[in-house]
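*Asks:* Just a sequence and a predicted model for now, questions to come.
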Amino acid sequence: MTKWLISFGLSVSCALPAHAQPATAEDDPNRFVAESGLLQRLGEVGGRVTSSVTSTTSELVVTAMGFLGVPYRRGGNSVETGFDCSGFVRAIYEQTVGLILPRRANEQAAATQVIDKRELQPGDLVFFNTLRRAFSHVGIYVGEGKFIHSPKPGAQVRVEDMNASYWQRRFDGARRVVVAQQQPEPAAGAPSAP
């Protein structure tokens with residue numbers, strides 16, 4: 001059985017879901033994408049990114065942006081109940097990729113591929129030590145040094161800058177969600193591919 005891996009690139013072209021509008025102009029994903037030049041850079045590497053992978057990443061980032069303003073709730077994992085950080089990440093990946101990640105941030109870190117911070121691409125996960133223990137907080141990288149997450153009680157899903165001193169001091173690492181898919185096995189008696 002042959003396996004192949006898919007990593008996600010970026011293209012943002014979908015509209016936001018109607019249930020959550022950007023809280024401020026700073027949180028507006030269309031403005032963020034336009035000002036950051038993300039689509040232009042995608043065009044520069046377009047030959048290396050397939051349209052289905054690009055579409056999936058686009059959907060993942062835009063879906064995440066669509067939940068701006070949803071309140072934090074410890075143990076929450078839906079727009080109706082609110083989200084905690086890992087519940088938010090899990091819900092976004094389940095809705096867009098169909099992949100069910102582990103429930104807790106430290107388990108999500110253990111189940112994903114370690115990457116260097118310089119390799120971050122939109123859709124990757126970023127982890128922080130916010131409770132005096134490794135991998136106690138997680139968010140989704142959206143590009144240009146920013147990530148989206150459900151931060152803490154009394155707050156809402158929002159985009160923040162990883163270069164802010166608070167997040168820089170607490171950064172624990174970056175991970176990539178790699179989806180392994182199996183190609184169909186050849187029929188009995190059929191020659192297998194080299």
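*Replies:* Now that the structure is in, tell me what you want to look at.
*Asks:* ok, residues contacting stretch 82-93?
*Replies:* Applying C-beta atoms under 8 Å, 6 or more residues apart in numbering, the external contacts of stretch 82-93 come out as 60, 63-64, 67, 70-78, 99-105, 107-108, 125, 137-140, 149-151, 157, 177. To be clear about C-beta, it is placed using only N, CA and C from the backbone, and glycine gets the same treatment.
*Asks:* now stretch 108-118
*Replies:* Counting by C-beta under 8 Å, 6+ apart, 86, 89-90, 101-102, 124-125, 127, 134-135, 138, 171-178 sit against stretch 108-118.
*Asks:* mind checking the SS state of Phe147?
*Replies:* State at Phe147, reduced to three classes by DSSP: H, G, I helix; E, B strand; the rest coil: strand.
*Asks:* tell me the contacts of it?
*Replies:* So Phe147 contacts 126, 139-141, 159-160, 162 (C-beta under 8 Å, 6+ apart).
*Asks:* circling back: would you mind checking the contacts of stretch 108-118 for buried ones?
*Replies:* 86, 89-90, 101, 124-125, 127, 135, 138, 172-177 (16 or more other C-beta atoms under 10 Å).
*Asks:* still on that earlier bit, among the contacts of stretch 82-93, which are located in helices?
*Replies:* 60, 63-64, 105, 107-108 (DSSP state H).
*Asks:* Show me the two of those residues that sit farthest apart.
*Replies:* Thr63 and Glu107 (21.7 Å; C-beta to C-beta).
*Asks:* Can you pick out the residue with more neighbours from the two?
*Replies:* A count of neighbours by other C-beta atoms under 10 Å puts Thr63 above the other of Thr63 and Glu107, at 19 against 15.
*Asks:* Quick check: that one vs Ile100, distance?
*Replies:* Applying C-beta to C-beta, to the nearest Å, the value for Thr63 to Ile100 is 15 Å.
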